[in-house]
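Undergrad: okay, sequence plus prediction incoming.
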Amino acid sequence: MSSNYEGYKSPLSTRYASKEMQYLFSDQNKFSTWRQLWVWLARAEHQLGLEISEAQISQMEQHVKDIDFEAAAAEERLTRHDVMAHVHVFAKQCPAAAPVIHLGATSCYVGDNTDLIVLRDALKLLLPRVATVLGQLKQFAETYKALPTLGFTHLQPAQLTTVGKRACLWMQDLLMDERALRRCLEDLRFRGVKGTTGTQASFLQLFNGDGQKVKQLDKLVTQLAGFSKPYAVTGQTYTRKVDVEVMAALASLGSTIHKMCSDLRILASRKELEEPFETTQIGSSAMPYKRNPMRSERCCALSRHLITLFSNAANTHATQWLERTLDDSANRRLTLSEGFLSADAALLTLLNISQGLVVYPKVIERHIAQELPFMSTENIIMAMVKAGGDRQVCHEKIRVLSQEAGAQVKQHGKDNDLVERVRNDSYFAPILDQLHDILDARTFTGRASDQVDEFLAEEVQPVLEHYADALRTVQNIQLNI
């Protein structure tokens, strides 16, 4: 029993990522896809006239899923070659088809094409998750589009914005991520059948120099795999620039999630907003009262890891010599899988957060009240001028009163009493009946509410319409830990 806990297991599998994403990067999916690729190759070669029978193809098809992993591992220990190990094991299961398995192909036919299939399927899994988070934040922004809150620049209180407008800033970044990931998916092609250095020489030999049949073979296998186009040229591998583009999009998504969840953590520290917190959840082993934003912190942690993985993809592409070197292999096994598993885990956690965000308007209102008197001074001056006052005299009055109120806040820890000081100064008698309206926080948020409506209608909704089916079946995300 204890042996199950004596070897390393990735926390991405045991704690964070979804079963669906884990399956895409599983050995079962990888090696059954290899076998499916051998079936597609044999079928296409058969259609183009090579002596491969339907019986041979049928025998291969019967054994696509039932992989003897122990036999393959034993074979690889002998051959030191993973592809040939699986060729040998598959051949034993399909003796009639043994002579035509992997015919004309190189290892990258199964290795690279499988990676491209997995990248395609992983992108298709991630994109609706991004859209679902956008959908939740859209509802949040609509609900709080007019709720004033302190804006911050330099992490210091600044002009007011609204809670909903701030959420639109997060959504704008997510829209850019959706666009980048969708572009990766749309641009993705198949390696196809290219041979050992990309020249298709082995296939040209198989078809007795008939280059048109080789081109047809490349096209047929590409279509069988569900791709519209193969890459026109390759070396032994598809260019690792593809990995760079995909990992760049994932890393960019990581930066978005990190920024949003950092904002949530700051707002939680001010008690203005909270992520979901279960009744049985424990915030601290030492301080029972704490409600730590552990989900947002997890998102930040996973996102930082995701961001760092981009450099692996870039460095791997940069160091591929000529038609190919094998120093990409071990690195890509880690980078591509961890990139998608990390993105998947961070998005699921973010979706859980966005489905249960809690806003505390009274706390926000109290924080505004501490800062708004200073922000309202220009409006007070303008009102006094309209009432017949001298702008310069009024400015000096406000300056003195503001300094006195500031001293009460900073030196004595008291509340901002600037408004009270204005009320008690007879100079401002002409506008005292206007002070309530002058200090209405909603008058300080500009077009924020309208901007939310326009942004959601013009930018967010058109993207969400691409994912209508996924959004209709959204379920509340429950985190295991």
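TA: Good, I have the coordinates.
Undergrad: would you map the helices across the stretch 251-400 of the chain?
TA: 294-318, 329-355, 361-375, 377-386, 391-412 (DSSP state H, counting those that start in this stretch).
Undergrad: figure out which of those is closest to Val89.
TA: Nearest to Val89 among these is helix 329-355 (20.1 Å), distances taken as Cβ to Cβ. Placement of C-beta: from N, CA and C, glycine included.
Undergrad: which is the next helix or strand following the longest helix along the chain?
TA: Ordering each helix of the chain by length in residues (DSSP state H) puts helix 107-143 first. Using DSSP states H and E, the helix or strand that follows helix 107-143 towards the C-terminus is strand 148-153.
Undergrad: tell me how far that following strand lies from the chain's centre.
TA: Centroid separation for strand 148-153 versus its chain: 26 Å, with Cα atoms, centre = their mean, to the nearest Å.
Undergrad: buried ones in that strand?
TA: Pro148, Thr149, Leu150, Gly151, Phe152 (16 or more other Cβ atoms under 10 Å).
Undergrad: endpoints of stretch 425-444, how far apart?
TA: 24 Å (Cα to Cα, to the nearest Å).
Undergrad: before we move on, what about stretch 225-239?
TA: 19 Å.
Undergrad: that one: which residues count as buried?
TA: Ala225, Phe227, Pro230, Tyr231, Thr234, Gly235, Gln236, Thr237, Tyr238, Thr239.
Undergrad: swap in stretch 321-329?
TA: Buried residues in stretch 321-329 (16+ other Cβ under 10 Å): Arg324, Asp328.
Undergrad: and the contacts of that stretch?
TA: Contacts to stretch 321-329, defined as Cβ atoms under 8 Å, 6 or more residues apart in numbering, come from residues Cys108, Thr197, Gly198, Gly235, Gln236, Thr237, Arg240, Thr316, Thr319, Gln320.
Undergrad: near the third one, how many other residues are there?
TA: One way to gauge burial is a neighbour count; for Gly198, by other Cβ atoms under 10 Å, it gives 19.
Undergrad: repeat for the last one
TA: A total of 18 residues lie near Gln320 under the criterion other Cβ under 10 Å.
Undergrad: show me what contacts the nearest residue in space to it that is not next to it in sequence?
TA: Leaving out its chain neighbours, the residue that sits closest to Gln320 by Cβ to Cβ, 6 or more residues apart in numbering is Arg240, at 5.5 Å. Arg240 sits next to Ala313, Thr316, His317, Gln320, Asp328, Arg332 when contact means Cβ under 8 Å, 6+ apart.
Undergrad: turn the buried residues of stretch 225-239 into JSON lines, columns for secondary structure, distance to Leu435 and pLDDT.
TA: JSON lines is the format used below for the buried residues of stretch 225-239 (DSSP: H, G, I helix; E, B strand; the rest coil; distance: Cβ to Cβ, whole Å; pLDDT from 0 to 100):
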{"residue": "Ala225", "secondary structure": "coil", "distance to Leu435": "71", "pLDDT": "96"}
{"residue": "Phe227", "secondary structure": "coil", "distance to Leu435": "68", "pLDDT": "96"}
{"residue": "Pro230", "secondary structure": "strand", "distance to Leu435": "72", "pLDDT": "95"}
{"residue": "Tyr231", "secondary structure": "coil", "distance to Leu435": "69", "pLDDT": "95"}
{"residue": "Thr234", "secondary structure": "coil", "distance to Leu435": "73", "pLDDT": "93"}
{"residue": "Gly235", "secondary structure": "coil", "distance to Leu435": "74", "pLDDT": "92"}
{"residue": "Gln236", "secondary structure": "coil", "distance to Leu435": "76", "pLDDT": "90"}
{"residue": "Thr237", "secondary structure": "coil", "distance to Leu435": "72", "pLDDT": "92"}
{"residue": "Tyr238", "secondary structure": "coil", "distance to Leu435": "69", "pLDDT": "91"}
{"residue": "Thr239", "secondary structure": "coil", "distance to Leu435": "67", "pLDDT": "93"}
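Undergrad: how about a markdown table for the residues you listed, with distance to Lys259 added?
TA: Shown next, in a markdown table, are the buried residues of stretch 225-239 (distance: Cβ to Cβ, whole Å):
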| residue | distance to Lys259 |
| --- | --- |
| Ala225 | 37 |
| Phe227 | 34 |
| Pro230 | 38 |
| Tyr231 | 34 |
| Thr234 | 37 |
| Gly235 | 38 |
| Gln236 | 39 |
| Thr237 | 34 |
| Tyr238 | 32 |
| Thr239 | 31 |
